[in-house]
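J.: A predicted structure for the sequence below; I have some questions about it.
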Protein chains: 4
Amino acid sequence: MARPPRPPRPVPFTHRVDVRYLEVDQQGVVFNMWYLAYFDDAMTAFLSAGGLEYADMLSAGFDVQLVHTEIDWKGSLRWGDRPEVDVALEALGRTSFTLGFAVRVDGALVATGRTVYVTVRTDGSGKVEVPALVARALGVT
Amino acid sequence: MARPPRPPRPVPFTHRVDVRYLEVDQQGVVFNMWYLAYFDDAMTAFLSAGGLEYADMLSAGFDVQLVHTEIDWKGSLRWGDRPEVDVALEALGRTSFTLGFAVRVDGALVATGRTVYVTVRTDGSGKVEVPALVARALGVT
Amino acid sequence: MARPPRPPRPVPFTHRVDVRYLEVDQQGVVFNMWYLAYFDDAMTAFLSAGGLEYADMLSAGFDVQLVHTEIDWKGSLRWGDRPEVDVALEALGRTSFTLGFAVRVDGALVATGRTVYVTVRTDGSGKVEVPALVARALGVT
Amino acid sequence: MARPPRPPRPVPFTHRVDVRYLEVDQQGVVFNMWYLAYFDDAMTAFLSAGGLEYADMLSAGFDVQLVHTEIDWKGSLRWGDRPEVDVALEALGRTSFTLGFAVRVDGALVATGRTVYVTVRTDGSGKVEVPALVARALGVT
């Protein structure tokens, strides 16, 4: 019997972030490392919107590990900003996938980023082909 | 045969902390939550100076959990400060112990704190009498 | 002319928090210091719901500083939990006020906390009587 | 009169980091964003070893802003590890410089990184040619 179609994930997919007071440094802008916290939240929300809860991925015996990340800043974030993080699949490899991120506030681009995730088994046996449940959540079945 | 005496831990025991740039908020002072990071580092160093590496406590099947903490501020820390955290045992219960902390910079008192740790088994079976190896590290054999 | 009444803040006031993956330690529970991050977010939301944006308090020349905080844990938080933080005014002094916090997840109490804030001028001149605009936001005019 | 030569900075320059318990996630490894905290500490230490305290750079009216960063992971860090971060100047532009980072533990390479810093005036007037006091600290007079 045919599997009912998933409700489509909005394109582009956007995850809203709340800047915390503690993330703002004495320059008055969000300290660089917190962008990776935002990307991590956005990745989880992206998979979830694609039908895969992270906990279910772990239960299925799979996890992801970062092998590369990069960020380019065009601007900065201040306390009280409510930035939006766009997430999109940029590339799918045999044992990895790449997500692209764009951080915007009030329509202005603040930063872009890109992270390469390798899919691994949770049993410690290392890299594994991107599992079907992850590929589906990425929108590439 | 008698066990050779441990080299005594200095009294008061002091753990030096480096304030990180990212810990300083837009008021120009270390944001409150980082004091708990300093206390955690200082607790580990205190046990270590008492002869118990945290990893060895875990290997022995024991861990600690916080049930209470409190901080009183008299001043603040700025970037570039290299505060010292004094640690002392304040109380020993049947299944818990209390450490007191004092944060100083250049001799001036910045904050005091107190944390109550309950000793637990790592197997999830809950509270346990303070194990001998922990009591020894606390200096109360 | 009479000032129109503010829309009342819900009682109890509740602020929802998203636990971030990075806040969970290798014990699998949220590390203790992040509760102070949650309290800070909840304090800002509480004042905002009372009609005072933090930025407007700063613009008016006032800020708050912590002089005391404490936390009691009854349980723990895991990744994926969406805890609620109840906030209530516990005490109002001449130059300070005390907020009480209760962290719940799925109805179960995880932790309670209490923070004492001193009101200060942003010009560095120190403590000041709790300004009217703060008192109003606390609901004690 | 001739300025006495600065004591040379060791090559490679290495900054030691202490992994904090709170930086380790439920996978048992340091969460990705903390590498940017390590790089930030290492950058400050690198400039300091080159004769420029960050506070003195600020007092002179200059600061740095990140415009790009990237990290490639070969391995991971665990609690108790005491990684070393090698820092080296990779490139010097007119208004920017690039530092390369290598994180090692017990001789094994864990990650490499690269950050591009733009030099700015602290008065908000934006980018400025790399000041002489920064160039000297970078070792490129």
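T.: Here it is on my side, so go on. Numbering: from 1, shown residues only, chains lettered A, B, ... in the order given.

J.: quick one, what contacts A:Val30?
T.: Counting by CB atoms under 8 Å, 6 or more residues apart in numbering or on different chains, A:Val30 touches A:Val19, A:Glu23, A:Val24, A:Ser76, A:Leu77, A:Arg78. C-betas here are computed from N, CA, C, even on glycine.

J.: Phi, psi for the closest residue to the second one other than its chain neighbours please.
T.: If I follow you right, that is A:Glu23. Nearest non-adjacent residue to A:Glu23, counting by CB to CB, 6 or more residues apart in numbering or on different chains: A:Trp34, 4.4 Å away. Main-chain dihedrals, A:Trp34, degrees, to the nearest 10: phi -70, psi -20.

J.: Tell me how far A:Leu52 lies from chain B.
T.: According to CB to the nearest CB, to the nearest Å, A:Leu52 stands 28 Å off from chain B.

J.: who touches the residue nearest to A:Phe46 when sequence neighbours are not counted in this structure?
T.: In this structure, A:Phe46 finds its nearest non-sequential neighbour in A:Val87, 4.3 Å apart by CB to CB, 6+ apart. Going by CB under 8 Å, 6+ apart, A:Val87 touches A:Pro12, A:Phe13, A:Thr14, A:His15, A:Ala42, A:Met43, A:Ala45, A:Phe46, A:Leu99, A:Gly100, A:Phe101.

J.: So A:Val87, which state does it fall into?
T.: Following DSSP: H, G, I helix; E, B strand; the rest coil, we place A:Val87 in the strand state.

J.: And what about the spatially most central residue of chain A, helix, strand or coil?
T.: What sits nearest the mean C-alpha location of chain A, by CA atoms, centre = their mean, is A:Met43, with 2.0 Å. Using three-state DSSP, the structure places A:Met43 in helix.

J.: Now it. Nearest residue, chain neighbours left out?
T.: Closest residue to A:Met43 apart from its sequence neighbours, by CB to CB, 6+ apart: A:Leu99 at 5.9 Å.

J.: which helices and strands sit right next to the helix or strand that contains that neighbour?
T.: A:Leu99 is part of strand A:96-105 when elements are defined by DSSP states H and E. Applying 3 or more CB pairs under 8 Å, 6 or more residues apart in numbering or on different chains; DSSP states H and E, one finds that strand A:96-105 contacts helix A:34-49, strand A:84-92, strand A:108-121.

J.: out of the ones you listed, which comes closest to B:Val140?
T.: For B:Val140, the closest of the helices and strands packed on strand A:96-105 is helix A:34-49, at 40.5 Å, according to CB to CB.

J.: And the contacts of that closest one?
T.: Outside helix A:34-49, the residues touching it (CB under 8 Å, 6+ apart) are A:9-10, A:13, A:15, A:17, A:23, A:53-54, A:57, A:69, A:71, A:83, A:85, A:87, A:99, A:101, A:103, A:111, A:113, A:115, A:117, A:134, A:137-138, C:18, C:20-22, D:31-33, D:36.

J.: What subset of those is buried?
T.: By neighbour count, with 16 or more other CB atoms under 10 Å in any protein chain shown, the contacts of helix A:34-49 hold A:9, A:13, A:15, A:17, A:23, A:54, A:57, A:69, A:71, A:83, A:85, A:87, A:99, A:101, A:103, A:111, A:113, A:115, A:117, A:134, A:137-138, C:20-22, D:31-33, D:36 as buried.

J.: got the residues of chain A near chain B?
T.: A:Tyr21, A:Leu22, A:Val24, A:Asp25, A:Gln26, A:Gly28, A:Phe31, A:Met33, A:Trp79 (CB under 8 Å from any CB of the partner chain).

J.: what's near enough to touch the fourth one?
T.: Pointing back at A:Asp25 there. A:Asp25 touches A:Phe31, B:Tyr21, B:Leu22, B:Val24, B:Asp25, B:Gln26, counting by CB under 8 Å, 6+ apart.

J.: unless I'm mixing things up, the last one is touching A:Glu23, no?
T.: Looking back up the chat, that one is B:Gln26. No - at 10.1 Å, B:Gln26 and A:Glu23 do not qualify as touching, with contact defined as CB atoms under 8 Å.

J.: Now do the shared contacts for the two.
T.: With CB under 8 Å, 6+ apart, B:Gln26 and A:Glu23 have common neighbours A:Trp79.

J.: Check which residues of stretch A:45-65 are buried.
T.: Buried residues in stretch A:45-65, counting neighbours by 16+ other CB under 10 Å, are found at A:45-50, A:52, A:54, A:57, A:62-65.

J.: Average pLDDT for that stretch, rounded please.
T.: Mean per-residue pLDDT for stretch A:45-65: 95.

J.: mind exporting it as PDB, just the C-alpha atoms?
T.: The C-alpha coordinates for stretch A:45-65 follow below in PDB (Å, rounded to 0.1, in the frame of the first residue of the first chain):
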ATOM      1  CA  ALA A  45      14.500  21.700  13.300                       C
ATOM      2  CA  PHE A  46      15.200  21.100   9.600                       C
ATOM      3  CA  LEU A  47      15.300  17.300  10.100                       C
ATOM      4  CA  SER A  48      12.200  17.500  12.300                       C
ATOM      5  CA  ALA A  49      10.300  19.400   9.600                       C
ATOM      6  CA  GLY A  50      11.300  16.700   7.200                       C
ATOM      7  CA  GLY A  51       9.700  14.100   9.400                       C
ATOM      8  CA  LEU A  52      12.700  12.900  11.400                       C
ATOM      9  CA  GLU A  53      13.100  13.600  15.100                       C
ATOM     10  CA  TYR A  54      16.700  13.500  16.200                       C
ATOM     11  CA  ALA A  55      15.800  11.100  19.000                       C
ATOM     12  CA  ASP A  56      14.200   8.800  16.500                       C
ATOM     13  CA  MET A  57      17.400   8.900  14.400                       C
ATOM     14  CA  LEU A  58      19.400   7.900  17.500                       C
ATOM     15  CA  SER A  59      16.900   5.100  18.400                       C
ATOM     16  CA  ALA A  60      17.300   3.800  14.800                       C
ATOM     17  CA  GLY A  61      21.100   3.500  15.600                       C
ATOM     18  CA  PHE A  62      22.300   6.500  13.600                       C
ATOM     19  CA  ASP A  63      23.800   9.900  14.500                       C
ATOM     20  CA  VAL A  64      25.700  12.600  12.600                       C
ATOM     21  CA  GLN A  65      29.200  14.100  13.200                       C
END
